[in-house]
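In: Just need the structure, nothing else, for what follows:
(chains A, B, C, D, E and F)
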Number of protein chains: 4
Amino acid sequence: MKAVAEPSTARGRATRQRILQAAEECFARHGYAEASVAEIVRRSSVAQGSFYNYFESKAAIFAELIRSLQRQMTDATREGALRAAGRSRVEAEVEGTKAFLEWLAEHRDLHRLLHLIDEADPRLAVEFFGGFAKGYAEGLAEAMQEGEVQRIDPELLAFALMGMNHFVSMRWMLWDRDGELPPELMDDFARIIAGALRGAAVR
Amino acid sequence: MKAVAEPSTARGRATRQRILQAAEECFARHGYAEASVAEIVRRSSVAQGSFYNYFESKAAIFAELIRSLQRQMTDATREGALRAAGRSRVEAEVEGTKAFLEWLAEHRDLHRLLHLIDEADPRLAVEFFGGFAKGYAEGLAEAMQEGEVQRIDPELLAFALMGMNHFVSMRWMLWDRDGELPPELMDDFARIIAGALRGAAVR
Amino acid sequence: MKAVAEPSTARGRATRQRILQAAEECFARHGYAEASVAEIVRRSSVAQGSFYNYFESKAAIFAELIRSLQRQMTDATREGALRAAGRSRVEAEVEGTKAFLEWLAEHRDLHRLLHLIDEADPRLAVEFFGGFAKGYAEGLAEAMQEGEVQRIDPELLAFALMGMNHFVSMRWMLWDRDGELPPELMDDFARIIAGALRGAAVR
Amino acid sequence: MKAVAEPSTARGRATRQRILQAAEECFARHGYAEASVAEIVRRSSVAQGSFYNYFESKAAIFAELIRSLQRQMTDATREGALRAAGRSRVEAEVEGTKAFLEWLAEHRDLHRLLHLIDEADPRLAVEFFGGFAKGYAEGLAEAMQEGEVQRIDPELLAFALMGMNHFVSMRWMLWDRDGELPPELMDDFARIIAGALRGAAVR
DNA sequence: AATGAATGAGCATTCATTCAT
DNA sequence: GATGAATGAATGCTCATTCAT
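Out: Residues are numbered from 1 along each chain as shown, chains lettered A, B, ... in the order given. You can find the predicted model right below:
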């Protein structure tokens, strides 16, 4: 009943992109529930019906946006980690985080989207954060083998690190206007991350 | 923009409580947007109009729920920290976290509410997490003075720790059915927290 | 989620009636698909939302209309048959049909509704015609016992008679303006019915 | 209001047929309102726009289907009646009905279409049933002249017989899965028809 | 002959909130 | 204090049809 085929002409692809772009902006501005398909189509100068030629539903376009976000985030983080090639795993991890935060700073709309996932659909949150954590945990497990990171449950560590990132970026990059993590804080943050990776006895 | 007077009779207070209770359940079950005043009203066996005798709006009752949540969370954490009286600040911090997670496990509805704040109203998130972090950071600042915790920006550390808690509890206490953090993970988590508190050089 | 409670005040009952009345007119005028809830509420001078305080959906109000129609049709037919009390079953059957057609003539809107059932929902058609036929067939079965009606499958006979009524009333009461079956035709129709009831050998 | 030219090439004719075939299936499956041009087009592997190269509108293709249905039904009935050549008019009538029902059983999709006419457009119903009745009534009028059928209004008799067919086939051929009228019922039905044709006094 | 992108009016339904009693 | 009827703006979505190639 739905169909929604891939656009086969250049014009179609362009329209699809326009809608996608407009949706990103609308969601970022208003949140998921408050954003309306009506506004998305207005911003993309497309008829209401055209939206549904390309996307099954409001939820579907949001999910697509999120999946693309996931890809980009993963790539940015990975590339960042490569900057520390040859150095320690901890350094690589910290570089990855830095790169990730830099990427976020340059993609404020996408950053906001990140905080709407749960609102849009809790299952999407599971897919997104769960999926991201999986890749993250694998890397950490390797590092544990090599003895550079404390030997604990890798998934736990992954979620802990993700939570830190999430809250720190929320506080300094979303709540604050300029959208960047102050450089001096970045150093402090690096020490926190390093501490969490190495671990410490509780006494 | 109606009066919404404090209830003056016992009956009034009881009604108010019933509504509050029903609202907590509804929000927990359906999320903020999906929860409807109509269902809250049905669950509390009260007429549609009565709701607005006690609360200004759906947003208002949610905010009230959240403020009470904040109080309870703070108390639970503080009490937990007291269990480590006489021991180190790090130990106190870990005990506080444990107590907090135990409290969460016993109040699943409230735990869910915690994840709806952003959905309901981003400004409420600022108030809630920002407020919580403030108290948290003060305690950490003291600990830094005493040299038990690495000397970095206390608010940053507060947010990092809050984020860890948030994500770890989300993963193991919300996504998983039983709603408890497996005990063996708790020990690992304690090492992560301790590491973050003490900090480590990046190399 | 739906609720739709019985109205408890006189005002509520009145409103419900107004909507029901307006719906009958709208469906009669435009058919099921073409009739819009918007017009129904306009005609009943009620807000769009109020409709859904009383009826679950467009389909639901139509079904309710039909069920009431079924009751009224059955009653009218039965009362007609009683006019022939003391006379033969065949005469009673014919009188019932006459009464039924008279009733139809006086309730043109309901007559039109009768022809929308299938359009609205095929399952409703099964419920309606099937239900009606059941009662009909029971009466015929009795008459067969008494030897006044040919001994064949009663349900078959019921459907055949219903079909005759349906098409004859469609042709002369719906398609023609005045909405009445010309009296001279009624006599002919009576002979057809009598013939069908008594049956005849095929040669 | 487009041109809709007759297809001039073999390819064009083939496309037109494919669409017609797909439409029949769609209407049969979903009814008139629920069937969508989009699905018809999908089923016939044709572009959305091509549909309108061959048919003016959804209503137009349905009407065309119905007109062809009328032709086929008339032919089937007529051929059936010829099987009783030499026998009585009543026998011919019964044979015609049998043949008609057999034809219906073999064309279930078309049978369903028959019940959608009113849904699609009441005026089409007048054209279809009215037209069919006309031819039917002519035959009956002849039979009345010959004294084999009771002398009453031929059109009335035609509609009565059509109604019987309609409801009987609906009950046993549409509502029931297998789509055939049980043979034992056919004999009963023949007696009903014969009775209606011969007529009986009402007493 | 065929394509598929684009259109936009139209629809049923939801829901927080207000009002009159 | 409590009721429940009434409101109406807003929303996501459908679908027959047209247009430009």
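In: now the strands for chain A?
Out: Secondary structure of chain A (DSSP state E): no strands present.
In: which residues of it fall in helices?
Out: A:10-34, A:37-43, A:48-54, A:58-82, A:89-106, A:108-114, A:117-120, A:122-125, A:131-145, A:154-169, A:183-198 (DSSP state H).
In: Please name every helix or strand in contact with the fourth one.
Out: Think helix A:58-82. helix A:10-34, helix A:89-106, helix A:108-114, helix A:117-120, helix A:122-125, helix A:131-145 (3 or more Cβ pairs under 8 Å, 6 or more residues apart in numbering or on different chains; DSSP states H and E). Bear in mind the C-beta positions are built from the backbone N, C-alpha and C, glycine included.
In: Looking at the ones you listed, which is nearest to chain C?
Out: Chain C sits nearest to helix A:10-34 of all the helices and strands packed on helix A:58-82, at 17.7 Å, using Cβ to the nearest Cβ.
In: Report the angle between the closest one and helix A:58-82.
Out: 100 degrees (axes from the mean of the first three to the mean of the last three Cα atoms, to 10 degrees).
In: Can you read off the backbone torsions of A:G199?
Out: Dihedral pair for A:G199: phi 80, psi 170, per degrees, to the nearest 10.
In: didn't it look like it was pressed against B:A190?
Out: No. Contact criterion Cβ atoms under 8 Å: A:G199 and B:A190 do not qualify, at 9.3 Å.
In: winner for burial among the helices of chain A?
Out: helix A:154-169 (a mean of 24; mean count of other Cβ atoms under 10 Å in any protein chain shown).
In: tell me which parts of chain A are close to DNA strand F?
Out: When proximity is defined as Cβ under 7 Å from any atom of the strand, chain A approaches DNA strand F at A:1-2, A:34-38, A:48-49, A:51-52, A:57-59.
In: Among the residues you listed, show me the least confident.
Out: Note: of the residues of chain A next to DNA strand F, the lowest pLDDT belongs to A:M1, at 47.
In: who's in contact with the nearest residue to A:A201 once chain neighbours are set aside?
Out: Residue nearest to A:A201 in three dimensions, not counting chain neighbours: B:A194, with 6.6 Å by Cβ to Cβ, 6 or more residues apart in numbering or on different chains. Contact analysis of B:A194 by Cβ atoms under 8 Å, 6 or more residues apart in numbering or on different chains lists A:199-202, B:90, B:94.
In: With distance to D:P7 and pLDDT added, can I get those residues in CSV?
Out: Below are those laid out as CSV (distance: Cβ to Cβ, whole Å; pLDDT from 0 to 100):
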residue, distance to D:P7, pLDDT
A:G199, 78, 96
A:A200, 82, 96
A:A201, 85, 95
A:V202, 83, 93
B:V90, 85, 95
B:V94, 81, 96
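In: So A:S68 versus C:R112, what's the distance?
Out: Relative to C:R112, A:S68 is positioned 54 Å away (Cβ to Cβ, to the nearest Å).
In: what do you get for A:M186?
Out: 75 Å.
In: do A:G147 as well
Out: 84 Å.
In: And for A:V94?
Out: Taken as Cβ to Cβ, the span from A:V94 to C:R112 is 77 Å.
In: Likewise for A:L197?
Out: From A:L197 to C:R112 the distance is 77 Å (Cβ to Cβ).
In: remind me which residues of chain A are low pLDDT?
Out: Counting by pLDDT under 70, chain A contains low-confidence ranges at A:1-2.
In: one more time with 90, if that's ok
Out: Residue ranges of chain A with pLDDT under 90: A:1-5, A:177-179, A:203.
In: what domains does the record give for it?
Out: When chain A is parsed with automatic domain parsing, its domains come out as A:1-56, A:65-198.
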